[in-house]
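Novice: build me a model:
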Amino acid sequence: MSHFVVLLRGVNVGGNNVLPMKQLSELLVSMGCSAVNTYIQSGNVSLFHPSESAAKLAADIATKIMSKFGFTISVMAFTFETFEQLVNANPFKHSEREPKTLHLYFLEKTASSPDLQSLEAVKAESESFALLGTVLYLHAPDGIGRSKLTAKIERCLGVATTARNWNTVSKLLSFVETQ
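Specialist: Numbering: from 1, shown residues only. This is a model prediction of the structure:
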């Protein structure tokens, strides 16, 4: 059994794509997952599954959610080792002390031709970002709600993303490590 971290994009936000975590857990167990644990209502899951392919697991989960709940969402799955590496690769170590200012945008796949110049053009002077593989790390010390950059991330990267703040990522990592 392989250990995975699964991130669902756009569930339980603004009353859209309502997916209670208990029902999600039951669905995952019916797919052969074990030790399923969710963290908060935004679709953060730790689980074990016989699959060795994170991409296949993500696609299977998305298909099952569509068939059972009737909506399509992006699902990103990572082996525990990969997730841990992505979190540890944070280039803004200094911002970890203020976890609400640091956000990780997990990409559905590697961006083939990201337009980083456009992101650079709209970012606030206080903001910093770095695209490393399948994660865009964003340090927004003035708050994510004021950032003009966030509205353009997906369009400029050309790939679906799901964002988590440092508090959530850290909690999920420590939650996963205890299994």
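Novice: most remote residue from the protein's center?
Specialist: Going by Cα atoms, centre = their mean, the residue of the chain most distant from its centre is Glu125, 25.5 Å out.
Novice: how near is that one to Ser147?
Specialist: According to Cβ to Cβ, to the nearest Å, Glu125 and Ser147 sit 12 Å apart. Just so you know, the C-beta spots here come from the backbone N, C-alpha and C atoms, and that holds for glycine as well.
Novice: sorry, back to before: separation between the residue farthest from the centre of the chain and Ala140?
Specialist: Counting by Cβ to Cβ - Glu125 and Ala140 are separated by 12 Å.
Novice: and what of Asn165?
Specialist: 10 Å.
Novice: specify the beta-bridge partners of Leu8.
Specialist: Under DSSP bridges, the beta-bridge partners of Leu8 are Val75.
Novice: how far away is it from Ser34?
Specialist: Applying Cβ to Cβ to Leu8 and Ser34 gives a distance of 19 Å.
Novice: helices and strands of the chain: which one has the lowest mean pLDDT?
Specialist: Of all helical and strand segments in the chain, the minimum by mean pLDDT, DSSP states H and E falls on helix 166-177, at a mean of 80.
Novice: on contacts alone, who are the packing partners of that helix?
Specialist: On a contact count with 3 or more Cβ pairs under 8 Å, 6 or more residues apart in numbering; DSSP states H and E, helix 166-177 meets strand 2-8, strand 34-39, strand 44-49, helix 80-88, strand 102-107.
Novice: three-state assignment of the residue farthest from the centre of the chain?
Specialist: Glu125 falls in the coil class when you classify it by DSSP: H, G, I helix; E, B strand; the rest coil.
Novice: okay, now the closest residue to Lys152 other than its chain neighbours: neighbour count?
Specialist: Spatial nearest neighbour of Lys152, excluding adjacent residues (Cβ to Cβ, 6 or more residues apart in numbering): Val122 at 5.8 Å. Here the number of neighbours of Val122 (other Cβ atoms under 10 Å) works out to 15.
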